[in-house]
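**Q** Prediction below, plus the sequence it came from.
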Number of protein chains: 2
Amino acid sequence: MKNFSLSLLAILFTGILFGQNEPVDYVNPFIGTSNYGATNPGAIAPRGMASVSPFNVAGKPDLNPLEKDSQWLSNPYVYENKFLTGFSHVNLSGVGCPDLGVILTMPTTGELKTDHLEYGTTYSEEEAKAGYYSAKLDKYEVRAEVTASTRVGVSRYSFPAGKANILLNLGLGLTNEQGGMLKINSATEVEGFRMVGAFCYNSPEQAYPVYFVAKLSKPADNFGVWKTPYKYKGEESQWMGYNGKTRLKEGFKREVVGDSIGAYFSYDLKKASEVEVKIGVSYVSIENARENLEKETSEKNFEDIYEETKAAWNEKLKRIEVEGGTEGDKSIFYTALYHTQIHPNILNDVNGEYPEISTGETGKTKGTRYTVFSLWDTYRNYHQLMSLVYPEEQLQMINSMLEMYDENGWLPKWELNSTETFTMVGDPASVVIADTYLRGLTNFDVEKAYEAMKKSATQIIDNPLRPGLQEYLEKGYLSVDGGTAGPVSTTLEYNISDYAISRLAGELGKTGDNKKFYKRSLSYKKLYNPETGFLQPKNSDGDWYEPFDPLAGANFTKNVGYIEGNAWQYLFMVPHHIEGMIKLTGGPAQFEHKLDELFEKDQFDMANEPDIAYPYLYNYIEGSEWKAGERVTALIDEYYKNSPDGLPGNDDTGTMSAWLVYSMMGFYPITPAEPVYTFIPPQFSKVTIHLDKNIYRKDKLIIETHPDLEGTKIDEIRIDGKRHPGFFLNHKTFLNANSIYLELKK
Amino acid sequence: MKNFSLSLLAILFTGILFGQNEPVDYVNPFIGTSNYGATNPGAIAPRGMASVSPFNVAGKPDLNPLEKDSQWLSNPYVYENKFLTGFSHVNLSGVGCPDLGVILTMPTTGELKTDHLEYGTTYSEEEAKAGYYSAKLDKYEVRAEVTASTRVGVSRYSFPAGKANILLNLGLGLTNEQGGMLKINSATEVEGFRMVGAFCYNSPEQAYPVYFVAKLSKPADNFGVWKTPYKYKGEESQWMGYNGKTRLKEGFKREVVGDSIGAYFSYDLKKASEVEVKIGVSYVSIENARENLEKETSEKNFEDIYEETKAAWNEKLKRIEVEGGTEGDKSIFYTALYHTQIHPNILNDVNGEYPEISTGETGKTKGTRYTVFSLWDTYRNYHQLMSLVYPEEQLQMINSMLEMYDENGWLPKWELNSTETFTMVGDPASVVIADTYLRGLTNFDVEKAYEAMKKSATQIIDNPLRPGLQEYLEKGYLSVDGGTAGPVSTTLEYNISDYAISRLAGELGKTGDNKKFYKRSLSYKKLYNPETGFLQPKNSDGDWYEPFDPLAGANFTKNVGYIEGNAWQYLFMVPHHIEGMIKLTGGPAQFEHKLDELFEKDQFDMANEPDIAYPYLYNYIEGSEWKAGERVTALIDEYYKNSPDGLPGNDDTGTMSAWLVYSMMGFYPITPAEPVYTFIPPQFSKVTIHLDKNIYRKDKLIIETHPDLEGTKIDEIRIDGKRHPGFFLNHKTFLNANSIYLELKK
């Protein structure tokens, strides 16, 4: 305890000394909570399993225009909503489907109410910081503050004198799954679990429990559970006066199950009082949830935990230091970096246990088991950023993916809490693995990884990762009538993965595979229609699918060729072979013209992944490189703001944020599975990336703009004092540079 | 094991030597399974917590005319139904409301079906014995046999070669409660619990779990769970292709909760095979259910367990040996005795733990904790029989009642698995306690018991046992407008209880209370209307309630004065003061006339308790005593048969059976809380009751009819060779007699 207090003091002093200068202070968790950014302002530790988010998406359409059941809504909190019904303790951030958002607590006062429509309230005086959220609940004059350690959500409720209640509602949730169990153990403890799953309305048979133990800092004066059963409609209902009505089970200490159940702890407070609630969670068992709670938070109070979590965030964020730029720039930058540190998140309990993928059997990891791999999004830039700034985590993520392969024979596609949701298309895990290895993060079982990658690329029968593989191999493309979703998009995704395999094969000396998969990666050409200048859908007989409308499919409208996009957005989605695209389109001038047209016709979609690298494609056109920086700066200005609507759209588990982090630093990993960056003028005059000495040779990487020049275009890149030709730089050169100067011009 | 085998051999030999002569062989568990007897033919050990009953009351109204949801039905099995949907593992016998009847197993073959309407089947070749039931399931050619130890239901399924399935359905049940949890631990084990409660549609907030662990003798080739969720009706249902549909979760080994869930274990059987399923239950925890299973049945197979349970039954039943009488007489007699040994049943686990009443906190008993006290029924004759034949059990029952008083401050009224259901009226626990003590079973804390009895008789405010007590004390009766249910019936019940308190007070030397409560016990007179000759309802102003119809209220029709009966059935319900009733009615002749009229007008109800002692009232009329025996014999002949409809109605947890046991032995405990018996000609020429030497002075009691005379009337009773005057004999004289001869005459 003595040591602990000293280190806490040290943290506090640091905070005081540096004031608003610390990276953590720039985080604005409200960014992305509107405009469908799908983030939440709740409290979370870096990559935390638990988080505590205000929950304001249930009921009261007049106060909550974005009501969870009235539409496809994927976040527990929306900035414009106003009616709060509690705080959820497991949450997803920046995903496109509703799930989790359960284990809801709510402080109330006065008469006990168990229906969220009755006990919900408006709120005011909201405050959100990294690891902290607070609001005043208007109806009750209660201040609710929340923080979190990695696996424990922690709340502090400041009640006025009088009757106070703390509710734990297992009925309400963002997920569409139903059902839970709870059991009160004492006047200060309740345990249980809640079923979640069916992410994106898929695989309901995989629905699984999230376990919890909740502990209160003050023994309740009375407690109990409630259950609202379904209304029975049969003959016997005539004798069931209680039919469908909520039952209060005062003092009940045995298990209660149901779709609509909850626990309450009530107090008769003689004076205004604070009550803290800690909720440990686990995906393995109630016992593990209890151990998580005890190991992480016993002996600590709300303040201690918040300070520790804040310090952990600052440690994370200060890996990148930026100078120059406005305070607003720093806010959007550090908030974006913060958003990249939420998913993938930690799945294993403090004892190392986690549910294995598919079976749910209890596994034990030696390192960290990560979950929430939205790989269709994140293969494009996110993991590249992790390899650069948090390589130890990126390696653990690769190891987690390989554990999954050990467990169910396949790499993940869109993995969520050890269920494979099979959301989206393509085979993105291969790209991430190859990219990581090629960036020099080789400390994993690459032969096993290669075997796994090759399996999904070659196994024709019962291949969950690459449906339509046989047709793809036979024809080089997937046809509209072949039955595979989004045949153009999926063909391109397979090309990208094949390129990644080719590159890794080359690195591993597998010359045959290197050539074979490289050849496969270029089959996109078969879908290029020189008549229209688009990659467009084909029938299985080789004819173009008619009618072709390059606008069909935008904004999630139905289309036959593409996934979440139209022909414009998939126009150049062959990042590994832009030179080929340039040739196909007729040379750099035509390519540039088409790229201009994309933006001018407003067909560039900043809110989704397929085209997000496109502004950087100008760097391939000699003499027009300046357009890349201009486009990127314009996009940042338009879409990224220090306000709730400050993300262009769904954050896609940090992918949109990773784009911003890179773009503001002035470079971008333009080609997945190719360790290369392309440069634009940064938003900061100096960026210092602190490197992991265990993995990289140097301990930091500094990118500076020339101090004497102001400008919006890069005149030249100077590495260690020498001019570097062009706007591309490979990872190794980049990492080994003693100095990088970007000479800017107007 | 060696000792065990020897004792098993001994049992087997005994069986062989005695052949059909053993009491256990006379048990016909089908008796009472029709005519609303509410017994079931399932396997149960004496006073078992677990039992395994065929379940044929769900669905298919064409095959199951008595469908559980189409009416108020209180048993898991009805003889005339034909469609079986499994075997339930906790069951009530002879009660008037649906509850328990859950944890259903079902063997099927071929394709897995999880809807009981699809997998249910007709059956044939039914066989039921004490501790054993078997049937062939027509659809599957599977023989299902079941037996039980005290806390474990055991099944043996004989499957043909091919695909076989064992289902555990937690959705289906007799109870109106919903909800359960299950978790498969391995290919041979599943654990969980099922909510039950709301007996008689009361106190749904007390619904509680019954826990179980099920073990299979053979590892399943595959297994999983199913869940059928409720249909979601909101906006999102458009994306939920799975909405409301049953989900199979193959291989799922985490918790599943819901109102409609189950587990399956499937086999690919190369040849015809037997699979045994043991299900341990507990009302405390899953751990205790597992311990119960292991302690009672590990190392034992189906045959072992059945033989032990059969032996246990025989030990119980042979406490009374009968000679003479037909084989059919012996069947109805021993089946009745068997039915008295089902409830009250054991609630505590092998480790002594049980849920305490009301709170559900885990208590630990030193002896046996009994449950299912249907005291309104059983105070009249059942406990008297237990005191005589099974006094060690009766004492444990008294102790259980006193434990309840310790736990929640009140004696039980209608206790079921540690919930007080508050079913029926009156304060019957006092009668049972006084009666037991007065019969010489004094080895319990009688001062505590007396305190408890007096509390319910005197506490005006918040008295859950005696509603309306204030009015009763003020006026001597409950009025129609006073708000207490069945005011005439309830007044009489309170009189009876007050008499019991008076008698016990006398025995304990509490002279004041003895007088006070005796006086209270006679207040029934205020309800006697000499104009009509009935005990009839009064208004609070003292006027008779109008209109008065002595027929109103029969057969459960609505009435203002009586509970489950009419004025005829409550005509003489003052068993403690028949001499007073005789005076009120105008003397023995008028009394006899009225008694005759009751029978002649068909107003005697053999199927319910208030009037069941009435045929014995003829013994109060000098010269007409022979009518008692005549009436009783006629009633036995009419209502008690060796067939499914062989009970007059609901067995009322053995009360109707206790009536038969006494009546066939030729005596009856005519007055509750008065240790006296009255005699009629028995149905057997010799009855030997083996007495408990720890409690009674002698080791047996023999009642013989005079061997040389045949007759239907008792000429005289000879005790130890001397003529005993009259037809009443007090308990002490009876128990101390060396010989009792009933000289019969034609």
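**A** The structure has been received and is ready for your questions.
**Q** Quick check: A:Val24 vs A:Ser331, distance?
**A** 12 Å (CB to CB, to the nearest Å). The C-beta positions use only the backbone N, C-alpha and C, and glycine is treated the same way.
**Q** Tell me how far A:Leu293 lies from A:His89.
**A** To A:His89, A:Leu293 is 12 Å away according to CB to CB.
**Q** scratch that, A:Glu716 is what I was asking about
**A** A:Glu716 is 52 Å from A:His89, by CB to CB.
**Q** Can you pick out the residue with more neighbours from the two?
**A** When neighbours are counted by other CB atoms under 10 Å in any protein chain shown, A:Glu716 and A:His89 differ, and A:His89 comes out ahead with 33 against 16.
**Q** what's that one in contact with, if anything?
**A** Counting by CB atoms under 8 Å, 6 or more residues apart in numbering or on different chains, A:His89 makes contact with A:Ala50, A:Ser51, A:Val52, A:Val102, A:Ile103, A:Leu104, A:Thr105, A:Gly153, A:Phe212, A:Ile279, A:Val281.
**Q** tell me, which of those residues make contact with chain B?
**A** Among the contacts of A:His89, none lies close to chain B by the criterion of CB under 8 Å from any CB of the partner chain.
**Q** Outline the domain layout of chain A.
**A** A:2-315, A:318-347+A:575-746 (automatic domain parsing).
**Q** Just put the ones you listed in a markdown table and tack on mean pLDDT and distance to B:Lys454.
**A** Shown next, in a markdown table, are these (pLDDT from 0 to 100; distance: least, CB to CB, whole Å):
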| stretch | mean pLDDT | distance to B:Lys454 |
| --- | --- | --- |
| domain A:2-315 | 93 | 27 |
| domain A:318-347+A:575-746 | 95 | 62 |
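**Q** which one of those domains is the most hemmed in?
**A** Per-stretch averages of neighbours, counted by mean count of other CB atoms under 10 Å in any protein chain shown, single out domain A:2-315 among the domains of chain A, with a mean of 21.
**Q** just to revisit the earlier point, can you list the contacts of A:His89 in a markdown table and add secondary structure?
**A** Output for the contacts of A:His89, formatted as a markdown table (DSSP: H, G, I helix; E, B strand; the rest coil):
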| residue | secondary structure |
| --- | --- |
| A:Ala50 | coil |
| A:Ser51 | strand |
| A:Val52 | strand |
| A:Val102 | strand |
| A:Ile103 | coil |
| A:Leu104 | strand |
| A:Thr105 | strand |
| A:Gly153 | strand |
| A:Phe212 | strand |
| A:Ile279 | strand |
| A:Val281 | strand |
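**Q** quick one: the strands in the stretch 101-250 of chain A?
**A** Assigned by DSSP state E, counting those that start in this stretch, the stretch 101-250 of chain A shows strands spanning A:104-109, A:123-129, A:132-137, A:142-148, A:152-159, A:162-169, A:180-186, A:189-196, A:208-216, A:222-227, A:247-250.
**Q** gap between the last one and the chain center?
**A** If I follow you right, that is strand A:247-250. Distance of strand A:247-250 from the chain centroid (CA atoms, centre = their mean, to the nearest Å) equals 39 Å.
**Q** for it, packing partners?
**A** Judged by 3 or more CB pairs under 8 Å, 6 or more residues apart in numbering or on different chains; DSSP states H and E, strand A:247-250 is in contact with strand A:222-227.
**Q** Which elements pack onto the strand it packs on?
**A** Judged by 3+ CB pairs under 8 Å, 6+ apart, the packing partners of strand A:222-227 are strand A:180-186, strand A:247-250, strand A:256-258, strand A:261-269.
**Q** Does the last one reach chain B?
**A** No: contact of strand A:261-269 with chain B is not found when judged by CB under 8 Å from any CB; the minimum separation is 8.8 Å.
**Q** Within the sheet, what are the partner strands of that strand, with directions?
**A** Partner strands and pairing direction for strand A:261-269 (DSSP bridges) are strand A:162-169 (antiparallel), strand A:222-227 (antiparallel).
**Q** Same question for the third one.
**A** Looking at strand A:256-258 with DSSP bridges, its partner strands are strand A:180-186 (antiparallel).
**Q** so which residue of the stretch 1-150 of chain A comes closest to chain B?
**A** For the stretch 1-150 of chain A, the residue closest to chain B is A:Asp69, as judged by CB to the nearest CB, at 4.4 Å.
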